[in-house]
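Undergrad: No sequence on hand, only this structure:
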């Protein structure tokens, strides 16, 4: 978010570029990653030097079951162009059952956001295990492309 | 109770007894049968081995006609039954197949009308209880081996009975007052067309079945498939001549025994048309 | 106002190569609450850590952000570092600018922008970090072992030898389990009883081991270190204190019952011990079959008992005891092959399973070790073995490989050759899997020396023909159908979970897989632990296992239990859930979501409008909480918060990355 | 007549001291309002009425008397009874501390403000009663009156389906216009029997879930979160929508959640009993798998 | 008196819109909103939402701030708005503005954010010839529903036309400026129709002063659900909270409406709440309206507009409460 456009320009390119240069625009995707699978998967992508767009900002949580749907709305409010919630595959949860609750919550949340008029491509949930570095890369790449096609998010956004 | 009747080619030719006895049983049990108008080949043998889609389209056309009649189909022949069941399942489970089949046959078969074997219609739908109540005579303890062959009960979950140890006909034999001999070759392969095409192989298969029946001490074998019937009935003479066998086991369609027990005269249901004479055994058990 | 220090690591060129680390430090210095920011070549190195410690002193830092590699790598390192620097270790946050940035974003400008964002996120979070403390709980120095088979016995002996009291709870009248039924063990062919019974005796005589046989775990309460366990001692009808195990009663008992131990191939009495070397070697009365219980008449055993130990009025007894650790070693059942029509649906008496074969070949078995087939007691000359019965079969059985069958079938074929000279064994197999020391050699011997004929293929049908069983199958190597006229068919039935495994899992609060085997905490790294702290697994209850593996796992489980019991106190997670009691309405929706049963109800008293009222709130047991945070989302009011990952911290991160 | 029975039973309960309070309805300012009333003295029972304007769901008042001595009696229509179950499942009400006087409900009516008194037969049903699935109390101690039959509820999800059919931007525009109107008076929350929190996440204490600004974005946060918090717990009493001074179509949000939950995780009706737990508090291994 | 045909109102508004930001009562949204030609006006009654947000918006940014290292800056966001014209307010709402003026402009303190908008607003009111809604009771609160003096121009409802009366010097100028649209009329202002809701306010304020501890509050508050509908719809409720939004190194401070009916309204930082239950909160609201404000400013803080009565989910009826207060026997 920026409340003062001058300040934004001093910090190079942290915020969305002005409309003049759409090809330069890098979406901002907030990702919630469980520590045991997806965060590790992202680490593995790094160890394997798998390149993907610098659009994603991962927030580490112990379990995808820790992710409150309100975090997702807040991210959109503050200017996220996309939000990703990612955790262990069903059956792999470090805490046995956390991701099953995640699955229910965010299936519902996805439908709700869509009902409210958000494009479903802006909110995604994925299972990415600690061994799926390439999948992490592919998911981020795909999501970034999808959101680039959609353009900057204006919906629910509470900042300039 | 009313069904669209699909006799198929066998019941109009080599399996004429099956047709006669089926119609007789239906009449006795008040099952109305309306032959499917303008029916065509079920797609067995040559059809489905030539082209998969043809193998589905042929039976689907018959089913589509029955669907227009608003009736389920009764197909006594095991091959016909198997082909129609295959088409029914395929069309129900895949909209694409349904569309393709509709394109070929120019009739949309939605899968609303299904197919039942004569065994299912008489022994399950009408039911053994009703049959028992309608019996005019019983088999008097005749030792009968139920022979199902391969097509009625397979594949697992789609066929009409347990594929390893079916009991439908056995239960009927018991209900008719016979002794259902438990033998291991209920679903053994009869050789199908092999006795004709590669007689050495095929005849051995028939031989094994007859031999097992013999060891098991049966008076007769009962079947529900025209091809099984032909192999078991017609090949006994062959085996006796060529392989030095000594078989004399009468083979019945289950409908023949059922019709007789329900009071039909044996002659009316075609038992005199068999290759292996049925006279002695019917005599022995007072079923003339 | 916090005083945050930011330390940006070059990681040699790993980070500095594609991220402008100096620029990151410069920008970080401008973040709110950041009073110091610097960069260094290797932050994790000794001098790097010294940079942090010095800065804490010099700038009075109260929070630290290290921007370097993944926290999964070096979080413990830097926590220790700031702790020695004088800060609580939880006042650290890391920004992962290596795995998540420099290594994946080659564009230096863009990478630098992202690195700045990640540092801003960490700085925003760390401002809201609070000092956290691990807490500790007392440990009751006693272990419970559920199941007295070889795994349970081994666990008990190991823990007892380490000096801790152990209780074995065994469902059957005797310990010994499956191994006691087995004749010989592969690959050495030593007698199973000869190596098992001494261990049974050791367990019985060990001063630290208490064996409670004919008993089951009824209820489990409490948590790691402090389990309150209720054990149901089933009514034995024999007073263990008075009985001397003389055997008069079972000699005189008039009622013969099919012996479970002998797989229904032999008989036992209604008052019985399962086998002669039983431990404890004192009988129980099988009330289902005992005439006294069925008809009220008889009572012979009572009359003949020289010590007056028989007590028909005995009732189930519940005893409660506190334990620090639980090891589950409940073993396995054998797959019921009656689902297989091709093998005759269990109707042919001479189609038997591996365990039947063990009893037939066992010298103390119903046939005195002479192999006779069940139907007519003829000695079989030709035996067909069929492997993978119930295992590796998605359609009718289990998907998994049962692991032991290849070896025990080879053993059976060997025993056939040894015991019935001139006999012929055919073995139908899908694959031969012999991954164990000496296993492949054993298999080769079975094939070579002992002449067992291995046929690769499945059996399509077994049917009786005269007094023979015809086994029809396919030799898929020759591509030909095969028919063998056999005298007996032995099915290598799969090992499956105990039929009541699900019930026990629910009692213990542990999880189980689709096949009802108990689930280990991690398939590779925590193979003997469960998700429930303090509950460990040994033997085939966790998955099919042979004796060596069961014993090895038993040792491992014992070591874990000893590790727990050796401490008088145990440290627990610092990042646990916390209840704000003033907000909590006590709806307890959180309770059912917690996988660790860490949330319970608590009654608190409050002053409201001048009077004291009681109300219920949720309460988190810090010893059990593993910090997953599922409860925090279930709590609509936000009364639950996860320390270290609080709502405030995560929201701060969200806001920071969106700036 | 129900009103007579109400008064008799209330009088009886209060006189015998079985309860300390009876919660019911009395006539309000206008002939077309009936409003909650709290009777503590037997002589006041004549204030009680039951007519076609007893629209208010009374169950939530039980929270006010959670720690009170003795029992409280409360009149419950179908929706009120489900609300009581809801509160019991949330462990906010103890069954043995309430006396439930069930009233089968034929649906509530509304008259245009300012009109003269008229026969109620001709009046329209209020919105919230039009797709009522449970007009009969599902839990009660005594039932006053005969059970009534369930009205046709096939239009229950009609509004939802209509909105679902809109395009993404149309949906956003529609809800934007709605939430723009929201004045955040929290009437919807405060009246809701599924909003049983001691203190709402959106109230006070610097938790920072919701900014105090009244603007579209904060209103979206509030309204979406409210729906998610009552997900699987909404008993469809329609009170939120009824009390909204800005006439926001809140049931079109609640019913969307109900519809989705039923489709995704199997049929579930909140508040029909205390035993069946809400769908978001549980899971099945075979739940729909979309996150691949 | 001068008059304008009702059909000419849109012409008048079109013309004044060149000079002012014109705010009109809008049907549908049921509030005051910027005028655009063709917009559907609600001229037969009061709006659901009162006009108070014209001067006192529900959310109002006040200051912005930022830091740069150890340097900080603070800037006011007060701006002088373009002259605006508030058209069609009713005498009850005129009275409410009068009350807000007391709060924001009197007793030695001037709220510059309020004042900036108030000073720049030209008021045109429309009289009611009787109760516009079944919930109206302004007459009982001492308001003449037909006429008011505290505006610039007042319009009498004469059926097909409005009688136009300037009430201030600015008003005189306005009437003169748009004289072309006004014709002379001799039509009489009709008699005020009878109100269905009536009450006696005499002595209530004084009586309430002795009723702080009276059990009545316990009784009347029982059915309140503690929502803020009454306060947010009330034309005179003016409580606000000041809060801030911070993002990194910058942020702004804003004020927004608050409601004394909310449980956390008086909660202090340490968690203590001097008004812990709805009894205290309901009591405060009515005492504020009927005792405290009259004591301080000599005016009732209730104008009898009836909005709270029409929208209260549980029919909390201020007229009924006043009646109950009057019936209380103080011994």
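TA: Structure received. Note that the structure is a prediction, hence the values are computed from the model and not measured. Numbering: from 1, shown residues only, chains lettered A, B, ... in the order given.

Undergrad: For chain C, what's its nearest residue on the stretch 51-200 of chain B.
TA: residue B:164 (2.1 Å; Cβ to the nearest Cβ). Glycine gets a C-beta too; all of them are placed from N, C-alpha and C.

Undergrad: since we're on that residue, how many residues are nearby?
TA: Neighbour count for residue B:164, taken as other Cβ atoms under 10 Å in any protein chain shown: 18.

Undergrad: and what of residue E:262?
TA: Neighbour count for residue E:262, taken as other Cβ under 10 Å: 22.

Undergrad: Next: residue E:74.
TA: Residue E:74 has 9 neighbours, counted by other Cβ under 10 Å.

Undergrad: Outside of the helix or strand hosting it itself, list whatever touches it.
TA: In this structure, residue E:74 is located in strand E:71-76 according to DSSP states H and E. The contact list for strand E:71-76 (Cβ atoms under 8 Å, 6 or more residues apart in numbering or on different chains) reads E:62, E:63, E:64, E:65, E:66, E:67.

Undergrad: In this structure the third one contacts residue E:251, no?
TA: In other words, residue E:64. Yes: counting by Cβ atoms under 8 Å, residue E:64 does reach residue E:251; the two are 7.0 Å apart.

Undergrad: Leaving out sequence neighbours, find the closest residue to the residue of the stretch 51-200 of chain B closest to chain C.
TA: Leaving aside its chain neighbours, residue B:164 sits nearest to residue C:341 (2.1 Å; criterion: Cβ to Cβ, 6 or more residues apart in numbering or on different chains).

Undergrad: Please apply the same query to residue D:141.
TA: Once flanking residues are discounted, residue D:141 sits nearest to residue D:100: 4.9 Å by Cβ to Cβ, 6+ apart.

Undergrad: likewise residue B:19?
TA: Among residues not flanking residue B:19 along the chain, residue B:11 sits closest, at 3.9 Å (Cβ to Cβ, 6+ apart).

Undergrad: ok, how many other residues are close to residue A:39?
TA: 29.

Undergrad: Tell me if I am right that it is in a helix.
TA: Yes: assessed with DSSP: H, G, I helix; E, B strand; the rest coil, residue A:39 lies in a helix.

Undergrad: Contact partners for it?
TA: Applying Cβ under 8 Å, 6+ apart, the residues near residue A:39 are A:33, A:58, A:60, C:70, C:72.

Undergrad: pLDDT weak spots in the stretch 1-150 of chain E?
TA: In the prediction, the stretch 1-150 of chain E carries no residues with pLDDT under 70.

Undergrad: For chain D, what is the nearest residue in it?
TA: residue E:134 (3.6 Å).

Undergrad: Would you confirm that that residue contacts residue D:113?
TA: Yes: the pair residue E:134 / residue D:113 is scored as a contact, 5.0 Å apart, by Cβ under 8 Å.

Undergrad: out of these two, which sits in the busier spot?
TA: Higher neighbour count among residue E:134 and residue D:113: residue E:134, with 19 against 12, using other Cβ under 10 Å.

Undergrad: Let me see the ranges of the helices in chain A.
TA: A:5-10, A:38-47, A:69-77, A:98-115, A:133-150 (DSSP state H).

Undergrad: Also the stretch 151-300 of chain E?
TA: Under the criterion DSSP state H, counting those that start in this stretch, the stretch 151-300 of chain E contains helices at E:169-177, E:204-208, E:216-221, E:229-233, E:278-287, E:293-297.

Undergrad: Double-check that residue C:492 belongs to a strand.
TA: Yes: the assignment for residue C:492 by three-state DSSP puts it in a strand.

Undergrad: what's near enough to touch the closest residue in space to it that isn't next to it in sequence?
TA: Closest residue in space to residue C:492, ignoring its immediate chain neighbours: residue C:405 at 3.8 Å, by Cβ to Cβ, 6+ apart. By Cβ under 8 Å, 6+ apart, the residues touching residue C:405 are C:354, C:387, C:388, C:389, C:391, C:492, C:493, C:494.

Undergrad: Okay, residue C:405 and residue C:431: tell me how far apart.
TA: Taking Cβ to Cβ, to the nearest Å as the measure, residue C:405 falls 11 Å from residue C:431.

Undergrad: Give the burial count for the residue in chain D positioned nearest to chain A, as a bare number.
TA: Closest contact between chain D and chain A, by Cβ to the nearest Cβ, is at residue D:172 (2.6 Å). Residue D:172 has 19 neighbouring residues, counting by other Cβ under 10 Å.

Undergrad: wait, doesn't it sit right on residue A:115?
TA: No: in this structure, residue D:172 is not within contact of residue A:115 by Cβ under 8 Å, at 10.0 Å.

Undergrad: Residue E:62 belongs to a strand?
TA: Yes: per three-state DSSP, residue E:62 lies within a strand segment.

Undergrad: coming back round to it: so for the closest residue to the residue of the stretch 1-150 of chain E closest to chain D other than its chain neighbours, what's the pLDDT?
TA: Nearest residue to residue E:134 in three dimensions, chain neighbours excluded: residue D:114, at 3.6 Å (Cβ to Cβ, 6+ apart). On pLDDT, residue D:114 comes in at 85.

Undergrad: Let me know the secondary structure of residue D:114.
TA: coil.

Undergrad: circling back: what pairs with the strand holding residue E:74, parallel or antiparallel?
TA: Strand E:71-76 sits in its sheet next to strand E:59-68 (antiparallel), going by DSSP bridges.

Undergrad: Please give the centre-to-centre distance between the strand it pairs with and its chain.
TA: 27 Å (Cα atoms, centre = their mean, to the nearest Å).

Undergrad: For residue 81, report the pLDDT, please.
TA: Defaulting to chain A. pLDDT, residue A:81: 97.

Undergrad: Not quite, go with chain B.
TA: pLDDT recorded at residue B:81 is 94.

Undergrad: Same check on residue B:95?
TA: pLDDT recorded at residue B:95 is 89.

Undergrad: tally of neighbours for it?
TA: 9.

Undergrad: Residue C:235 too?
TA: Residue C:235 has 17 neighbours, counted by other Cβ under 10 Å.

Undergrad: how near is the closest residue to it other than its chain neighbours to residue D:211?
TA: Using Cβ to Cβ, 6+ apart and skipping residues adjacent in sequence, the residue nearest residue C:235 is residue C:314, 4.4 Å away. As judged by Cβ to Cβ, residue C:314 and residue D:211 stand 70 Å apart.

Undergrad: Quick check: residues of the stretch 101-250 of chain C near chain A?
TA: Residues of the stretch 101-250 of chain C lying close to chain A (Cβ under 8 Å from any Cβ of the partner chain) are C:101, C:103-107, C:109-111, C:113-114, C:116-118, C:121.

Undergrad: check contacts around the nearest residue to residue E:184 once chain neighbours are set aside.
TA: Closest residue to residue E:184 apart from its sequence neighbours, by Cβ to Cβ, 6+ apart: residue E:2 at 6.3 Å. Going by Cβ under 8 Å, 6+ apart, residue E:2 touches E:163, E:164, E:165, E:175, E:179, E:182, E:183, E:184, E:185.
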